[in-house]
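> need a 3D model of the sequence below.
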Amino acid sequence: MVNKAGLEIKKYDVIIIGGGFSGLTLALGMGNLGLNVACLDKDEPKMQIDKSHDIRTVAISNGSSHVFERVGVWQKMVNRGCLIKKIEIIDDNMVKKLYFDSQEVKKSGFGWIIDNVFMREILQDSVKKHKNIDYIAPFGVEVIENTNELVKITGKNGEFLASTLLVGADGRQSFVRKVQKIRSFGWSYGQTALTCVIEHEKPHDNTAIEHFLPYGPFASVPMCAEKNGVYRSSIVWTLEKAAGTDLLSCSEERFNRALSEQMNRRFGNVRLIGKRQGFPLSFHHAYGYVATRTALIADAAHGIHPIAGQGLNLGMRDIGVLLDVLETALRNGQDIGSDTVLSCYQRKRLLDNTLMCVGTDVLNSVFRIEFTPFKRLRQWGVMAVGHVPPLKRALMRYAMGLSPFDR
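Down below sits the predicted model:
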């Protein structure tokens with residue numbers, strides 16, 4: 001296949017732009033369906049597995065683990081994951097707390113906490129070894145051109161690629177979304193998420209803690225202990241911008257002291273491991289997820305507040321549904337880039353994503369309200385959940401990425 005200038009165009013069934021968690025996972029799933037896939041990313045692969053580049057962890061729900069199992073990488077990941085068995089929820093200065101125990105819904109845990117870099121290493125290695133996938137990085141996309149039958153890609157270094165289907169997995173500032181004129185809306189929260197890893201004296205007992213505060217939630221999630229037995233946890237501390245800037249730049253001694261006070265010395269002495277990182281928090285949601293021969297997944301389609309730790313898991317649900325839709329289309333001999341097929345994907349994902357987007361935005365707003373009567377009513381509501389078993393079980397299953405209504 002050649003272009004108008006007579007230069008060769010390499011043809012694929014699917015081109016995925018974006019080589020993060022979502023793009024690599026989708027590439028594996030599509031490759032397993034027998035599709036010929038190119039996964040493009042603008043960054044050097046080595047940069048994405050540099051621990052100085054990303055110190056974060058990610059929460060993998062039960063539902064997401066099924067997607068990783070489907071694409072063949074879960075057994076490698078879970079060996080380094082720390083199981084979350086319990087969740088503790090506190091609203092500001094409440095004395096009583098809301099507890100979720102996974103055994104109440106007959107599950108071993110709510111999910112797993114896994115190091116970002118470790119996950120990327122596994123995904124990159126698996127993609128590089130897959131016979132149906134070309135992982136091309138770094139690759140800068142210059143032009144995206146639609147035709148009735150193909151999407152054509154021109155690279156910044158003069159490369160020419162084409163595919164039946166294009167998938168945008170290129171994050172919140174998605175180039176694919178902008179070029180394909182898929183409109184979106186969003187706003188800044190005026191908050192910073194400060195992330196770090198700490199070591200502490202007392203065990204975490206596989207418990208995740210979510211402490212809702214007027215300026216944003218403070219979350220501590222359990223990590224696997226070091227080989228020397230030192231207990232570790234990952235922190236996501238939501239702060240107003242000025243406070244976030246201050247704690248990111250202050251001395252380590254002062255930071256450790258502030259962290260100990262925030263945690264009420266629950267884990268005894270705590271100490272920062274490595275560096276701190278800060279990320280501005282914002283919301284966005286695309287009005288639709290598809291265009292001509294194009295689909296958006298994960299952060300390219302929706303970006304939510306980390307208040308419930310569900311950002312990546314929402315993207316994994318996109319991937320699971322898109323793989324189901326494409327598998328059915330292939331079985332029926334349909335064009336995988338057709339409007340019929342892609343509209344099916346959009347229809348199946350739009351409501352679930354919208355509910356999560358609205359839910360996390362409302363939660364963030366509700367827990368920042370300091371009006372005393374409202375605050376008391378809110379705290380009463382939090383405690384009431386613990387006394388309504390069907391509601392409590394439904395919320396626990398939803399946190400696991402499972403249907404709230406299954407038993």
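
> please, where are all the helices along the stretch 1-150 of the chain?
Counting by DSSP state H, counting those that start in this stretch, the segments of the stretch 1-150 of the chain that form helices are 21-32, 45-48, 62-71, 74-78, 116-129.

> do the same with the stretch 301-407 of the chain
So, for the stretch 301-407 of the chain - with DSSP H, counting those that start in this stretch - the helices run 311-331, 339-366, 372-385, 389-399.

> and the longest one, what does it pack onto?
So the one you mean is helix 339-366. In terms of contacts (3 or more Cβ pairs under 8 Å, 6 or more residues apart in numbering; DSSP states H and E), helix 339-366 is packed against strand 270-286, strand 290-291, strand 294-296, strand 302-303, helix 311-331. From N, CA and C alone the C-beta is placed, and that goes for glycine too.

> make it 7 Å
Helix 339-366 sits against strand 290-291, helix 311-331, with contacts defined as 3 or more Cβ pairs under 7 Å, 6 or more residues apart in numbering; DSSP states H and E.

> mind listing what's buried along the longest one?
Okay, so that is helix 311-331. 311-323, 325-327, 329 (16 or more other Cβ atoms under 10 Å).

> just the angle between it and helix 339-366, please?
Angle of helix 311-331 versus helix 339-366, following axes from the mean of the first three to the mean of the last three Cα atoms, to 10 degrees, is 170 degrees.

> what does helix 311-331 contact?
21-22, 25-26, 29-30, 33, 58, 61, 63-64, 67, 295, 297-299, 301-302, 304, 336, 341, 344-345, 348-349, 352-353, 356, 401 (Cβ atoms under 7 Å, 6 or more residues apart in numbering).

> for stretch 148-160, same thing?
3, 7-9, 15, 139-145, 161-164, 166, 293-294.

> tell me which element the closest residue to residue 237 other than its chain neighbours is part of?
Ranked by Cβ to Cβ, 6 or more residues apart in numbering and with sequence neighbours excluded, the top spatial neighbour of residue 237 is residue 194, at 4.4 Å. Assessed by DSSP states H and E, residue 194 sits inside strand 184-200.

> how far away from the center of its chain is that strand?
In terms of Cα atoms, centre = their mean, to the nearest Å, the gap separating the centre of strand 184-200 from the centre of its chain is 13 Å.

> same thing with stretch 194-212?
20 Å.

> may I have that stretch as CSV, with CA atoms only?
Backbone C-alpha positions of stretch 194-212 (Å, rounded to 0.1, in the frame of the first residue of the first chain) are rendered in CSV as follows:
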residue,chain,number,x,y,z
LEU,A,194,0.6,14.9,46.8
THR,A,195,1.8,11.4,46.4
CYS,A,196,4.6,9.6,48.2
VAL,A,197,5.6,6.2,49.7
ILE,A,198,6.2,6.0,53.5
GLU,A,199,7.6,3.4,55.9
HIS,A,200,6.1,3.0,59.4
GLU,A,201,6.5,1.2,62.7
LYS,A,202,3.2,-0.5,63.0
PRO,A,203,1.5,-2.9,60.5
HIS,A,204,-1.3,-1.6,58.2
ASP,A,205,-3.2,-4.9,58.4
ASN,A,206,-4.0,-4.6,54.7
THR,A,207,-6.4,-1.7,55.5
ALA,A,208,-6.9,1.2,53.2
ILE,A,209,-7.9,4.5,54.9
GLU,A,210,-9.9,7.3,53.3
HIS,A,211,-10.1,10.4,55.6
PHE,A,212,-12.4,13.1,54.1
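
> pLDDT averaged over that stretch - what is it?
For stretch 194-212, the mean per-residue pLDDT is 94.

> for stretch 116-135, same thing?
Stretch 116-135 comes out at a mean pLDDT of 97.

> pull out the buried residues from the contacts of stretch 148-160.
15, 139, 141, 144, 161-164, 166, 293-294.

> what's the domain layout of this structure?
By the assignment in automatic domain parsing, the chain contains the domains 10-82+111-186+283-399, 189-282.

> point out the most buried one among those domains.
Using mean count of other Cβ atoms under 10 Å, the stretch among the domains of the chain with the greatest mean number of neighbours is domain 10-82+111-186+283-399 (a mean of 19).

> ok, back up a step: looking at the domains of the chain, spot the one closest to residue 103.
domain 10-82+111-186+283-399 (10.2 Å; Cβ to Cβ).

> one step back: paired strands for the strand holding residue 194, with orientation please.
strand 231-240 (antiparallel), strand 270-286 (antiparallel) (DSSP bridges).

> from residue 288, how far off is residue 180?
Look at residue 180 and residue 288: by Cβ to Cβ, to the nearest Å, they are 10 Å apart.

> shouldn't residue 269 be in contact with residue 201?
Yes - contact criterion Cβ atoms under 7 Å: residue 269 and residue 201 qualify, at 5.1 Å.

> still on that earlier bit, using JSON lines, lay out the strands paired with strand 184-200 together with mean pLDDT.
JSON lines is the format used below for those (pLDDT from 0 to 100):
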{"stretch": "strand 231-240", "mean pLDDT": "95"}
{"stretch": "strand 270-286", "mean pLDDT": "94"}
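
> want to try JSON lines for those, with distance to residue 154 as columns?
Shown next, in JSON lines, are the strands paired with strand 184-200 (distance: least, Cβ to Cβ, whole Å):
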{"stretch": "strand 231-240", "distance to residue 154": "39"}
{"stretch": "strand 270-286", "distance to residue 154": "24"}
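
> which of those sits closest to residue 395?
strand 231-240 (20.0 Å).

> identify the residues contacting the closest one?
In contact with strand 231-240 (Cβ under 7 Å, 6+ apart) are residues 57, 113, 190-200, 202-204, 215-223, 225-226, 247, 281, 306.

> 6 Å instead, please
Strand 231-240 has contacts (Cβ atoms under 6 Å, 6 or more residues apart in numbering) with 57, 191-200, 203-204, 215-223, 225, 306.

> for stretch 42-53, same thing?
Applying Cβ under 6 Å, 6+ apart, the contact partners of stretch 42-53 are 117, 120-121, 124, 137-138, 140.
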